[in-house]
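S.K.: got a structure for you, letters missing:
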Ligand code: ATP
């Protein structure tokens, strides 16, 4: 038996970050959108545990932790523990989501692993339990399960779908060098000493989504982590300016970065912007959203 499960990357259309709490977490109000850049996790039965990773030629395979430290190992152990069974499978991750790029690629793999192993082990985990286990694995993992467009609160782990009937076109420019999310939050704390406890609300983005008009969404996109990411990686400001100069409606650092995303008017405009950015950057991807959350693609 072989089961392949696909999980999407996310873009934060709105990322409001409140002051660091005593427990070390930052409260968030975010609007996630799942986009068509996806990782696949395939599982087959095995008497032990084995994990392999394949990557596209532009990605550095050494940036991805091997067995033991991969988030997929943690997802498997957590699910196995929950059901009181042994964590046994042969697992293969096919990456397409930039690593340490602010698009929640590790979270997508964890979500895909939960769903794939639930099927392989035939343990019928309830949706509520899957969401709870996902939240234990990371703040972005529940959204990777749900997909679409959703409001995230708490640490981002409490997700509630929001209506989004349009298709939005994005140009994605990953960076050869990743940024660690904790280091971006540290810089955020250093740069903004008077951050209010309550994160900025997402009203403008939610309203913009309801219009279906890309030029209105472009004006509403918001990322409180952007200045911290730009402070750590000043080259990204040039990239954002370049993208907007060649026709993107708006450029934005994706989550904690360093991936930059550019909203385009439509599919043709996205391809034009991508072609112009390709003159300066090796890897430029075109995608759209919202797309489905974690789902089974083959079951054989
Ligand atoms: P987020 O936006 O959720 O903060 P990210 O997209 O910036 O995350 P990830 O690609 O999820 O970053 O990777 C963060 C770190 O997690 C990596 O630097 C890597 O060491 C570790 N990691 C563990 N498992 C994986 C995995 N399956 N894929 C990618 N990174 C992984």
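M.R.: In hand now; what should we look at? Predicted model only: the values in this text are computed from it and were never measured. Numbers count the residues shown, from 1 in each chain.

S.K.: so what pLDDT did the residue of the stretch 1-150 of the chain found nearest the ligand get?
M.R.: Nearest residue of the stretch 1-150 of the chain to the ligand: residue 106, at 2.7 Å (CB to the nearest ligand atom). (C-beta placed from N, C-alpha, C; glycine too.) As predicted, residue 106 sits at a pLDDT of 98.

S.K.: ok, now residue 151?
M.R.: At residue 151, the pLDDT recorded in the model is 98.

S.K.: Return the set of residues that bridge with it.
M.R.: Beta bridges link residue 151 to residue 31, residue 160 when assigned by DSSP bridges.

S.K.: Residue numbers of this protein in contact with the ligand?
M.R.: 64-65, 70-72, 93, 99-107, 109, 140, 178, 181, 255-256 (CB under 6 Å from any ligand atom).

S.K.: Can you tell me which of those end up in helices?
M.R.: Judged by DSSP state H, those include 71, 72, 105, 106, 107, 109, 181 as members of helices.

S.K.: Contacts for whichever strand or helix holds residue 80, please.
M.R.: Taking DSSP states H and E as the definition, residue 80 sits inside helix 71-83. For helix 71-83, the external contacting residues (CB atoms under 8 Å, 6 or more residues apart in numbering) are 41, 49, 51, 65, 67, 86-87, 89, 91, 93, 106-107, 109-111, 113-114, 117-118, 121, 123, 125, 129, 133, 136-138.

S.K.: Helix, strand, or coil at residue 296?
M.R.: strand (DSSP: H, G, I helix; E, B strand; the rest coil).

S.K.: again with residue 230
M.R.: Following three-state DSSP, we place residue 230 in the helix state.

S.K.: is it true that it touches residue 252?
M.R.: No - in this structure residue 230 lies outside contact range of residue 252 using CB atoms under 8 Å: 11.1 Å.

S.K.: The two: which is more packed in?
M.R.: More crowded of residue 230 and residue 252, by other CB atoms under 10 Å: residue 252, with 24 against 17.

S.K.: So the more buried one: helix, strand or coil?
M.R.: strand.

S.K.: For it, give me its contacts.
M.R.: By CB under 8 Å, 6+ apart, the residues touching residue 252 are 11, 221, 223, 226, 240, 260, 261, 262, 263.

S.K.: and with 6 Å instead?
M.R.: 221, 223, 261 (CB atoms under 6 Å, 6 or more residues apart in numbering).

S.K.: Can I get the buried part of those as one PyMOL selection?
M.R.: This is the PyMOL syntax for the buried subset of the contacts of residue 252, where burial follows 16 or more other CB atoms under 10 Å:
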select buried, resi 221+223+261
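
S.K.: For the contacts of residue 252, give me CSV that also has secondary structure, distance to residue 268 and pLDDT.
M.R.: Putting those into CSV (DSSP: H, G, I helix; E, B strand; the rest coil; distance: CB to CB, whole Å; pLDDT from 0 to 100) gives the following:
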residue, secondary structure, distance to residue 268, pLDDT
221, coil, 21, 98
223, strand, 26, 98
261, strand, 18, 98
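
S.K.: before we move on, the earlier item: filter the residues of the chain next to the ligand to the buried ones?
M.R.: Neighbour counting by 16+ other CB under 10 Å classes 64, 70-72, 93, 99-107, 109, 140, 178, 181, 255-256 among the residues of the chain next to the ligand as buried.

S.K.: now the angle from the helix or strand hosting residue 132 to helix 71-83?
M.R.: Assigned by DSSP H and E, residue 132 belongs to helix 127-137. Put simply, helix 127-137 runs at 130 degrees to helix 71-83, going by axes from the mean of the first three to the mean of the last three CA atoms, to 10 degrees.
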